Each structure stands twice: as C-alpha cells, then as structure tokens.
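> Quick one: sequence and predicted model below, then my questions.
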Amino acid sequence: MNDDQLLRYSRHILLDEIGIEMQQRFLTAHVLIVGAGGLGSPAALYLGASGIGTLTLVDSDTVELTNLQRQILHSSDTIGQAKVRSGRATLERLNPDICVHEISVRADDMLLQQCVLHADVVLDCSDNFVTRHAVNRACVQHCVPLVSGSASRFNGQISTFDARNPASPCYACIFAPDHPFDEVSCSTMGVFSPLVGVIGAMQAAEALRLIAGIGRTLAGRLMLFDAMTMSWQTMCISRQADCSVCGAMQCNPSSSTLASTGQVLPELLRACMMLECLLPAFLGFLIACEVPLA
Ligand SMILES: [Zn+2]
C-alpha cells in the first residue's frame, strides 16, 4: 500500500481484526454484484469505499426516475444511462483505487458461469427468482460463497449460502427452483427507501468478513428485518439432502459445522412468505434460532 492508501484505509487498519494484512487482501479481492439497484447500490458503495480491488456490476436495466428514491448509486443526471455505467462512474469518483467492470446484460446461466468463476464472493442483489436461482447454481458449481439479500415493503432478509461448507444450505434448499411463483406481484410492491440501505450494507459487511475470514458468517442463518418495528429475527436454515442443486455436490468441505435448534415460529414464517411472494415450499425448512450457533 502507498501512503495515500494507508491514510484512506487507516480506520480499517486500526482494527485489530483487519489491520494491514486484511486490508491488503481487500485490495486484491474481487466481488461480483448481481443487480445495481436498491441493494446493489449501498453494497457496491461500501465495498468500493472499503477498497475491494475489483467490483463487477451486472445489470441490464437503465436508470429511471422511479429508481432514485432508493438506488443511491444513481442520480438525476444519469437517468437513461445503463445502471452499470452510472454505478461505475459513481464508484470511480468515490475511490479511484478500485477497478469496476460493467456488464450491461441480464444475468443468465452462461454469463454467470463465467463471472462467478473469477469472484471471491458473490452478492445477489437482484429482484427476481429466475436470476436468484441462476446465481445460486453458478455459486454452488464453483464453490463461491453467495450473500443473498432481498427487500420488499418494510421487510428485508439476508443470508449467506456457502457451498464450501458441507453443512450450509444453498438458496435452492430454501426456495425450491421448480415451485411456481409470481414475479409481477414482487416487482410492483413498494419498498421503504432506507430498508435497502440496511440490507445492502449488511451484504457488504458479510462480503468483507468472508474475504477477511473474521467473525461468524450467516451460513445456516436467515436474518429477517422488520423496518416497521425495527426488529430482527434470526432463523436457522438447513441443507436439504435431496436439493436439486447442491444435493449431490461435494467441494472443498471446510472444518466448520453448523447446528440448528429451536422451534418454528408462525409469525416469522408469515413474514418470510410475504417477503418471498408466498412460497409454500419455504415452510418446511425454517427453524427459529433460539441459541447461538457453534
Ligand atoms: Zn441446496
């Protein structure tokens, strides 16, 4: 690191858990962010400010006036631009140290297979189930940890699906890929502006902790945030042996283990169902965490 970098990242370097070594690791890390909208904006801003050396933004949309209430990578001046172009410009103004790649096409299986391969961590900041499942499949195949966030109305959720850990579920363990869902109802719901900031910033925090290898990740845990009561709930989620995506997979098992305990809390399940547009398949796999995981 040069003198400017030592100053820029000094408040990270002062943290015993990060220091120069981990900050250096951030500078050489590559995070793939799928979706440069409400969640992707704060996630990319915090990762860029933190000095993640390479960020790849994938989004096929252009900036619209209706985005600006919450998508803080973009501004009135960039209406009509590709979101990845607008986002890249914002990030480069924020931190000229970093390299931002822009991919202005829809994230399909073929693209994700290529992009995920080169990423240390993937953030799913998308807004539809087709993309979410495609991101999950690629992350499972390439054993890259996936930090998944979603936000709708006043409810948000975040979890990490880490295929390197044999006890960690994947996204498809929780939301069956073959289950019918209603995309339209998701995309037309309102969303409370700061909610995406809360969840997106947590996705950035999780990515940094995964890269640094510090703290306890969200693998095996689903956190639910209610912005109306400002309350968090944590639920244990388990890997499904018959999952069509990760069921037969084996890759680089880590030594960490996850445990689950507790009982189903109906009110939390209802919150999850609302958030993920009423996926009944979700019901069987959630257990409320009542004790900290090992
Ligand atoms: Zn799975």
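Received the coordinates, thanks.
> Just give the nearest non-adjacent residue to residue 60, would you?
Counting by CB to CB, 6 or more residues apart in numbering, residue 60 lies nearest to residue 106, which is 4.3 Å off, once chain neighbours are set aside. C-beta: built from backbone N, CA, C; applies to glycine.
> Just give the number of residues close to the one you found.
Per other CB atoms under 10 Å, the neighbour tally for residue 106 reads 15.
> Please name the residues that touch the residue lying closest to residue 145 once chain neighbours are set aside.
Nearest residue to residue 145, sequence neighbours excluded (CB to CB, 6+ apart): residue 162, at 4.3 Å. For residue 162, the contacting residues are 145, 146, 168, 210, 217, 219, by CB atoms under 8 Å, 6 or more residues apart in numbering.
> so residue 175 sits right up against residue 132, yeah?
Yes. Look at residue 175 against residue 132 with CB atoms under 8 Å: they come within range, at 7.5 Å.
> ok, back up a step: can I have the buried ones of the contacts of residue 162 as a PyMOL selection?
Selecting only the buried members of those in PyMOL, with burial defined as 16 or more other CB atoms under 10 Å, works like this:
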select buried, resi 145+146+168+210+217+219
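> Save the contacts of residue 162 as CSV, and put in secondary structure and pLDDT too.
Listed next are these as CSV, based on DSSP: H, G, I helix; E, B strand; the rest coil; pLDDT from 0 to 100:
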residue, secondary structure, pLDDT
145, coil, 98
146, strand, 98
168, coil, 94
210, helix, 98
217, coil, 96
219, strand, 96
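> which of the contacts of residue 162 lies closest to the ion?
Distance to the ion across the contacts of residue 162 (CB to the ion) is lowest for residue 168, with 8.9 Å.
> hmm, back to that, now the contacts of residue 162 in CSV, with distance to the ion?
Below are those laid out as CSV (distance: CB to the ion, whole Å):
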residue, distance to the ion
145, 14
146, 11
168, 9
210, 19
217, 17
219, 12
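> what residues are up against the residue nearest to residue 193 when sequence neighbours are not counted?
Distances taken as CB to CB, 6+ apart place residue 70 nearest to residue 193, at 4.2 Å, with adjacent residues excluded. Contacts here follow CB under 8 Å, 6+ apart; on that basis residue 70 touches 38, 41, 191, 193, 194, 196, 197.
> do that again at 7 Å, thanks
Shown in contact with residue 70 (CB atoms under 7 Å, 6 or more residues apart in numbering): 38, 191, 193, 196.
> if I look at the second one, how far off is residue 54?
Residue 191 sits 29 Å away from residue 54, taking CB to CB, to the nearest Å as the criterion.
> Have a look at these two and say which one is more surrounded.
For residue 191 versus residue 54, the count of surrounding residues by other CB under 10 Å is larger for residue 191: 20 against 17.
> quick one: pLDDT of that one?
Looking at residue 191, its pLDDT is 96.
> Surely it and residue 38 touch.
Yes. Contact criterion CB atoms under 7 Å: residue 191 and residue 38 qualify, at 6.5 Å.
> what do the two both touch?
Here residue 191 and residue 38 have 70, 151 as joint contacts, going by CB under 7 Å, 6+ apart.
> and the chain, which of its residues are near the ion?
Proximity of the chain to the ion (CB under 5 Å from the ion) is limited to residues 170, 172, 173, 243, 245, 246.
> Turn these into JSON lines, columns for neighbour count and distance to residue 233.
Formatted as JSON lines, the residues of the chain next to the ion follow (neighbours: other CB atoms under 10 Å; distance: CB to CB, whole Å):
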{"residue": "170", "neighbour count": "25", "distance to residue 233": "22"}
{"residue": "172", "neighbour count": "22", "distance to residue 233": "22"}
{"residue": "173", "neighbour count": "23", "distance to residue 233": "19"}
{"residue": "243", "neighbour count": "20", "distance to residue 233": "24"}
{"residue": "245", "neighbour count": "22", "distance to residue 233": "26"}
{"residue": "246", "neighbour count": "25", "distance to residue 233": "25"}
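> How far does the one helix or strand residue 132 maps to sit from its chain's centre?
Element membership for residue 132 (DSSP states H and E) is helix 129-142. Distance of helix 129-142 from the chain centroid (CA atoms, centre = their mean, to the nearest Å) equals 12 Å.
> Also stretch 162-182?
14 Å.
> And the strands in the stretch 51-200 of the chain?
Along the stretch 51-200 of the chain, the segments classed as strands by DSSP state E, counting those that start in this stretch run 54-58, 99-103, 121-124, 146-152, 155-161.
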